[in-house]
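Chemist: whatever this is, show me its structure:
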Amino acid sequence: MPVQAGNVDKNGVLWNGNQEVGTFSGPHKGCSNLYETLVKSVAENGSKEAAGIRTIVETRKVGGFEKYRMSRDFQYLTYTEYLKEVDNLGSGLVQAVPSLEPNDTVVIYAETSRPWMISAYACWRQGLVVGTIYATLGEEGALFGINQSRCKVVIADAKLLKVLVKIAGQLKHLKDVITITEPSAEAVESLKKVGMNIHVMEGADGVIARGAKTPAEATPAKATPARDGKDTAVLMYTSGTTGNPKGVLISHYSILCNLTATLSPKSAIALDGRPFLRGDSTYLAYLPLAHIMELAVEVTCFAVGCKIGYGSLGTITAASIKMLQEDQAGNKITQLGDAALLGPTLFVAAPAVLDKVLVGIKNKFAALPSFIQKLCIEAAIENGKQNYDKGGVGCHGSYFISNLIFKKAQKLLGGKVEMMLTGSAPLGVEVQKYVQTVFNCRVRQGYGLTETCAGTCITGAADNSTSCVGPPQWSACIKLRDWPEGGYQNADLDTPIKDAKGNEVLIGMRRGEVLIGGPSVCDGYLVDPSDPDPDIVKKNKEDFVTIDGARYFCTGDVGQYTATGNLMIIDRKKDLVKLAMGEYVALSKVENALKACQYTQLPMVYAMGSKDHCIALICPNVVNLKKLAASLGVEGELGALCKNEAVIAAVLKDAMGTCTAAKLAKFEIPTKIVLIDDLWTPENDMLTAVQKLKRREIVAKHQSEIDKVYPPEK
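Modeler: Residues are numbered from 1 along each chain as shown. Below is the predicted model:
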């Protein structure tokens, strides 16, 4: 049975169940900035391993793509060594660029890596603001962010210098570039031609070495609840799907409050009364540090003394896309993925990443003899789902052979995972139950935004509720604002509404747009005082509101409170399309249902207001699609299979059945599908860096296929 999670007060505000309404104990160990959390952690954990990296032993292009042979171990800095790197870089930074002043912005333009976080702490040591621009944002986004932030210094991957070279002539304030790795001579020459000073981070003459020779005084900011803009820690440019990115101003105080709530032993996510991140925890860092979820997790890990190993999305498992599978002679290469080698106890993933892991596991199970599949795998999964519904984890009973098979799957992620945490998009019910059974660990959903420091809500460790994101953490509270146009109101708790057939139905839950309050809410969006963007000025007024004396961020998400005090995200105002007959289709809701289809790897639902139905674009599960084609007597490459009418009809039938089983209304079920043979990824600009659909770009790319099954009105 679900456990009690949060409490709703008389004003309809949802609070953490363990919290006295409106109270918060203050930042972690009395820290006044993020640099100080590291200093205090080093005092307690100096000799422990802090941050490890794998080196690339061999790089080779295969089929036009770069692939790697990785080192067989992680090389670590201890906490003492890590802080020394931070202090030396901070000292060298202010010496290399004497014009830097407190509150100036230093943009980190790099992939997730150990030097990324060292650079961030070095900036915080000197009272500088860390600007984040994610690596796949492109030239226009990088140009906008660097100029709007009046950035004087960029710390960059050498491989991203090619972007800076292209926009260098348009950069108004940038004069110094620090490269994390050795830059090419061509890039250095091009940047110097437009007046840039180029510095290398490491090496005998690098910025770190310079700081080691002549230490500079630490001048960190002082965190304060007052929103005076003097303790900004991060200027984070949101990924967005259209237009220029928005610069979100996040204070030291907000991140510290989020960190403190996460580490509380009274938090709902605590494991048996212990914080789910502890000094003996191990974390695999691979998600983009330019996004708030990864940044928030890592500063929390370092604050408590965890061990962090840096990997990448392309090297998580041995079968990942960047891993070399054969040597030049064609012999099979045996190497471990980052997760198997590191053995993380916490694994954080976007649902899209977890979906890929699940597809790989199911494909491995499908290769087993049919009697093992039926008697062991299917029976154990069903047992695990039943155990899940009773509040348990994994299989329950005599499933010895099944558990041996599952242990092999668990070793893909190192075999030590205690908890998987997902965010950024809904996690399917079946996926959650299946993964929790196979990996024998808790699988929980979290919820938050850049504007709220990511970790607003997390489902409790002891709570197996599905389709919910849990109660708010101690640093946040939730209020639902009526949205009559969408049919969601607080009155839905007690007042019946009419369904699609005109019948009166009592929802029995408060519903509305999710507003988030508390100290972890950001300070708003950056506005250039010399050239204010009227749209951003408007958003600062409309997205941040004060109700009953409390400041809230208006998320645009639609949620409801469960009877046990969990928040469920049930809709998105921007994802709502009104069909010709007046029904509203929530695109993400249908997509979440479609993920359970056996032939689906990644779906996108498309609808137009002039139609009375919707359609779906589906990147298929290739292994299952090929098996389906073979059963239909259809042969050919993936592109041909995706265009074959018999294959399309069979996938559509299964997809419609899946949606019906998910209890979607008739008008919500796609009546036509388009199979896509080119998987959407951040690299081909169809997904954001955190694996969210870029709807406009996907529609533009596949417009001709869409028009064939969903012709526009003439």
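
Chemist: burial count for residue 113?
Modeler: Neighbour count of residue 113, defined by other Cβ atoms under 10 Å: 20. All C-beta atoms are positioned from the backbone trio N, CA, C, and that covers glycine.

Chemist: quick one: it and residue 54 touch, right?
Modeler: No - using Cβ atoms under 8 Å as the test, residue 113 is too far from residue 54 to be in contact (10.9 Å).

Chemist: need the overlap of contacts for the two.
Modeler: The contact sets of residue 113 and residue 54 overlap at residue 310 (Cβ atoms under 8 Å, 6 or more residues apart in numbering).

Chemist: tell me which element residue 556 falls in.
Modeler: strand 550-561 (DSSP states H and E).

Chemist: each with direction, which strands does that strand pair with?
Modeler: strand 511-517 (antiparallel), strand 544-547 (antiparallel), strand 567-572 (antiparallel) (DSSP bridges).

Chemist: what mean pLDDT does it get?
Modeler: Across strand 550-561, the average pLDDT comes to 95.

Chemist: may I have that strand as CSV, with CA atoms only?
Modeler: What follows is strand 550-561, C-alpha atoms only, in CSV (Å, rounded to 0.1, in the frame of the first residue of the first chain):
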residue,chain,number,x,y,z
ALA,A,550,4.8,33.5,-0.7
ARG,A,551,6.7,33.7,-4.1
TYR,A,552,6.0,31.0,-6.6
PHE,A,553,7.2,29.9,-10.0
CYS,A,554,4.5,29.1,-12.5
THR,A,555,5.7,25.9,-14.2
GLY,A,556,3.1,25.5,-17.0
ASP,A,557,2.8,21.8,-16.0
VAL,A,558,-0.6,20.5,-14.8
GLY,A,559,-0.7,18.4,-11.7
GLN,A,560,-3.0,16.8,-9.1
TYR,A,561,-2.6,15.7,-5.5
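
Chemist: buried residues in that strand, which are they?
Modeler: Neighbour counts over strand 550-561 (16 or more other Cβ atoms under 10 Å) mark 550, 552-555, 557-561 as buried.

Chemist: what's the answer for stretch 216-223, then?
Modeler: 216, 218, 220-221, 223.

Chemist: which of these fall within strands?
Modeler: For these, not one is inside strands, with DSSP state E as the criterion.

Chemist: nearest to residue 130, of these?
Modeler: Proximity of those to residue 130, judged by Cβ to Cβ, is greatest for residue 221, which lies at 11.3 Å.

Chemist: not counting sequence-adjacent ones, nearest residue to that closest one?
Modeler: Computed as Cβ to Cβ, 6 or more residues apart in numbering, the closest residue to residue 221 that is not its neighbour in sequence is residue 231, at 4.3 Å.

Chemist: same thing with residue 418?
Modeler: residue 345 (4.8 Å).

Chemist: ok, now which ones touch the one you found?
Modeler: Listed by Cβ under 8 Å, 6+ apart, the contact set of residue 345 reads 280-283, 416-419.

Chemist: and the residues you listed, which of them are buried?
Modeler: By neighbour count, with 16+ other Cβ under 10 Å, the contacts of residue 345 hold 281-283, 416-419 as buried.

Chemist: quick check: closest non-adjacent residue to residue 12.
Modeler: Excluding the flanking residues, the one nearest residue 12 by Cβ to Cβ, 6+ apart is residue 490, at 5.6 Å.

Chemist: I figured that neighbour was touching residue 511, is that so?
Modeler: Yes - here residue 490 reaches residue 511: they are 7.1 Å apart, a contact under Cβ under 8 Å.

Chemist: tell me how far stretch 294-306 lies from the chain's centre.
Modeler: Distance, stretch centre to chain centre, for stretch 294-306: 15 Å (Cα atoms, centre = their mean, to the nearest Å).

Chemist: could you give the mean pLDDT of it?
Modeler: For stretch 294-306, the mean pLDDT works out to 97.

Chemist: touching it from outside, list them.
Modeler: For stretch 294-306, contacts defined as Cβ under 8 Å, 6+ apart pick out 28, 34, 37-38, 40-41, 44-45, 48, 50, 79, 112, 117, 120, 132, 234, 236, 255, 258-259, 262-263, 275, 277-279, 281-283, 285, 287-289, 308, 348, 453-455.

Chemist: write the PyMOL selection for whichever of the residues you listed are buried.
Modeler: PyMOL command restricting the contacts of stretch 294-306 to the buried ones, with burial defined by 16+ other Cβ under 10 Å:
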select buried, resi 28+34+37+38+41+45+48+50+79+112+117+120+132+234+236+255+258+259+262+263+275+277+278+281+282+283+285+287+288+289+308+348+453+454+455
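
Chemist: among the contacts of stretch 294-306, name the ones in strands.
Modeler: Using DSSP E, the members of the contacts of stretch 294-306 that fall within strands are 50, 132, 234, 236, 282-283, 285, 308, 348.

Chemist: what would those residues look like in TSV with distance to residue 183?
Modeler: Putting the ones in strands among the contacts of stretch 294-306 into TSV (distance: Cβ to Cβ, whole Å) gives the following:
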residue	distance to residue 183
50	27
132	21
234	26
236	26
282	33
283	30
285	24
308	26
348	32
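
Chemist: now the two most distant members of these.
Modeler: Spatial extent of the ones in strands among the contacts of stretch 294-306 (Cβ to Cβ) is set by the pair 236 and 282 at 26.1 Å.

Chemist: count of residues packed around residue 230?
Modeler: Residue 230: 15 surrounding residues under other Cβ under 10 Å.

Chemist: which ones are touching the residue nearest to residue 12?
Modeler: 12, 480, 482, 510-512.

Chemist: now for the residues you listed, which sits with the most neighbours around it?
Modeler: For those, neighbours were counted using other Cβ under 10 Å, and residue 480 has the most, 26 neighbours in all.

Chemist: residue 6 and residue 462, how far apart?
Modeler: Residue 6 sits at a distance of 14 Å from residue 462 (criterion: Cβ to Cβ, to the nearest Å).

Chemist: before we move on, what about residue 296?
Modeler: For residue 296, the distance to residue 462 (Cβ to Cβ) stands at 23 Å.

Chemist: neighbour-wise, which of these two wins?
Modeler: Of the pair residue 296 and residue 462, residue 296 is the one with more neighbours under other Cβ under 10 Å, namely 22 against 15.

Chemist: so the more buried one, which state does it fall into?
Modeler: Secondary structure, DSSP: H, G, I helix; E, B strand; the rest coil: residue 296 is helix.

Chemist: the closest residue to residue 110 other than its chain neighbours - how many residues pack around it?
Modeler: Setting aside the residues directly before and after it, residue 110 is nearest to residue 157 in space (Cβ to Cβ, 6+ apart), at 4.2 Å. Residues contacting residue 157 under the criterion other Cβ under 10 Å number 19.

Chemist: okay, residue 157 and residue 506: tell me how far apart.
Modeler: Residue 157 sits 55 Å away from residue 506, going by Cβ to Cβ.

Chemist: returning to what we had before: look up phi and psi at the residue nearest to residue 110.
Modeler: Taking degrees, to the nearest 10, you get phi -60, psi 140 for the backbone angles of residue 157.

Chemist: so it touches residue 112, yeah?
Modeler: No - with contact defined as Cβ under 8 Å, residue 157 does not count as touching residue 112 (10.4 Å).

Chemist: mutual contacts of the two, please.
Modeler: Overlap of the contact sets of residue 157 and residue 112 (by Cβ under 8 Å, 6+ apart) is empty.

Chemist: so, low pLDDT: which residues of this protein?
Modeler: For the chain, the stretches with pLDDT under 70 are 1-2, 18-26, 136-137, 239-243, 499-501, 581-582, 690, 713-714.

Chemist: is residue 640 located within a helix, as I assumed?
Modeler: Yes - under three-state DSSP, residue 640 sits within a helix.

Chemist: who's in contact with the helix or strand harbouring residue 654?
Modeler: For residue 654, the enclosing helix or strand under DSSP H and E is helix 645-661. Residues outside helix 645-661 that contact it (Cβ under 8 Å, 6+ apart) are 590, 593-594, 596-600, 616, 618, 620, 625, 628-629, 632, 634, 641-642, 668-673, 675.
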